[in-house]
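Colleague: What would the 3D arrangement of this be:
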Amino acid sequence: MHFSWSTLLLQTVNFAVLVWLLRRFLYKPVLRMVDARRAEIDKQYVDAKAVEAEAAAHLGDIEAKRAGIAAEREQVLKAAAAQAEEAAKARHDRAERETATFLDDARKTLAAEREQALAEARRSALDLGAAVATRLLSEIPLALRAEAWIERIEQHLAGLPPAERNGLLGQFADGAPLTVVSAAPFPPETAELWRNRLKRSFGDHVGVAFEADPALVAGVELHLPTAILRFSFASALESLRAEIEADDKPR
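Modeller: Got it, this is the predicted structure:
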C-alpha cells in the first residue's frame, strides 16, 4: 500500500477548513442561539416566579378579603338578628300595651255604662215612686194630710237649737207675714187651724197668709221674710235627684 503525504496533508487541511467553517458558521451561531434561548428561558422563569409571587399575593389578598367578608357577613347577620329580636320585642311590648289599654278602656266603658244604667234606673224608680206616691196621697183626705204636715213642722221647730229658732222668730220683728204655700188650697177650717197653731210657734203678732202651688205635689213650704222652710214632696224629690246626680258624677 502506497502512503501519500500530500494526500494526508490535503485531507488535514480540508478537515481543518471544515472544522473552521463549522465553528464559524454553525457552532457559534448555534451557541448564540442556545445562549439566547437559555436567557429567554431564564427570563421567562424569572417572570413566572414574579407572576407566581404576584398571584400568591393576590391570593392572599383574596383570602384576606374573603375572611373579612365572612366576618362582616357574620356581624351583619348578628346585627340583623339583634334588630329582628328587638323589633319583635318592641312589637310584643306594643301589643301588650295596646291590649292593656283596650281592656282598661273596655272596663271603663262597661263601668260607665253600668253606672249610667244604674242612674237611669234610679231616676226611673224615683219618678215611678213619685207618681205612685202622688196618686196615693191624692186619695188621702186633705185634712188628714194637713194634720200630719203641721205636726211635722211643729216637731221641726221644737227641735231647732235656741239660737237658730230665735233667728227665725226675729225675722218677724217688723210685722212681716208668714206665708204657707201648699200644693192645694186649704179649706177655711184647715187654714184657721194652721193659723192658730203657727201663731203658737212663731208668736201671736205674726200674720199668716196662705197660697197654693201645685208644683209642690204634696206638703207645704213656710216662706219667712228671709228664709224658706221646705216640707214638700217636691223638695224631697229634688233632694233625692240631687243625691243621684252627685253619685253619677265621675270621681
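
Colleague: low-scoring stretches of the stretch 101-250 of the chain, by residue?
Modeller: For the stretch 101-250 of the chain, the stretches with pLDDT under 70 are 110, 112-113, 115-144, 234-250.

Colleague: ranges for the strands of it?
Modeller: All strands of the stretch 101-250 of the chain, identified by DSSP state E, counting those that start in this stretch, fall at 178-182, 208-212, 219-223, 228-232.

Colleague: so can I have a markdown table of those showing mean neighbour count and distance to residue 10?
Modeller: Heads up, the C-betas are built off the backbone N, CA and C, glycines and all. Shown next, in a markdown table, are those (neighbours: other C-beta atoms under 10 Å; distance: least, C-beta to C-beta, whole Å):
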| stretch | mean neighbour count | distance to residue 10 |
| --- | --- | --- |
| strand 178-182 | 21 | 183 |
| strand 208-212 | 14 | 186 |
| strand 219-223 | 21 | 181 |
| strand 228-232 | 16 | 177 |
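
Colleague: Which one, of those, ends up nearest to residue 8?
Modeller: strand 228-232 (178.2 Å; C-beta to C-beta).

Colleague: partners of the closest one, with directions?
Modeller: Applying DSSP bridges to the sheet, strand 228-232 is found paired with strand 219-223 (antiparallel).

Colleague: Tell me which residues are up against the strand it pairs with.
Modeller: Strand 219-223 is contacted from outside by 149, 153, 178-183, 213, 228-236, using C-beta atoms under 8 Å, 6 or more residues apart in numbering.

Colleague: hmm, 7 Å instead?
Modeller: The contact list for strand 219-223 (C-beta atoms under 7 Å, 6 or more residues apart in numbering) reads 149, 153, 178-183, 228-233.

Colleague: same question, stretch 163-179
Modeller: Stretch 163-179 is contacted from outside by 157, 198, 202-203, 205-209, 211, 222-227, using C-beta under 7 Å, 6+ apart.

Colleague: between these, which is closest to residue 92?
Modeller: Nearest to residue 92, judged by C-beta to C-beta, of the contacts of stretch 163-179 is residue 227 at 67.0 Å.

Colleague: Quick check: the closest one vs residue 221, distance?
Modeller: 11 Å (C-beta to C-beta, to the nearest Å).

Colleague: Same question for residue 181.
Modeller: Distance, residue 181 to residue 221, by C-beta to C-beta: 5 Å.

Colleague: In TSV: the contacts of strand 219-223, plus distance to residue 79.
Modeller: Output for the contacts of strand 219-223, formatted as TSV (distance: C-beta to C-beta, whole Å):
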residue	distance to residue 79
149	88
153	88
178	92
179	90
180	91
181	86
182	89
183	85
228	81
229	83
230	79
231	83
232	81
233	79
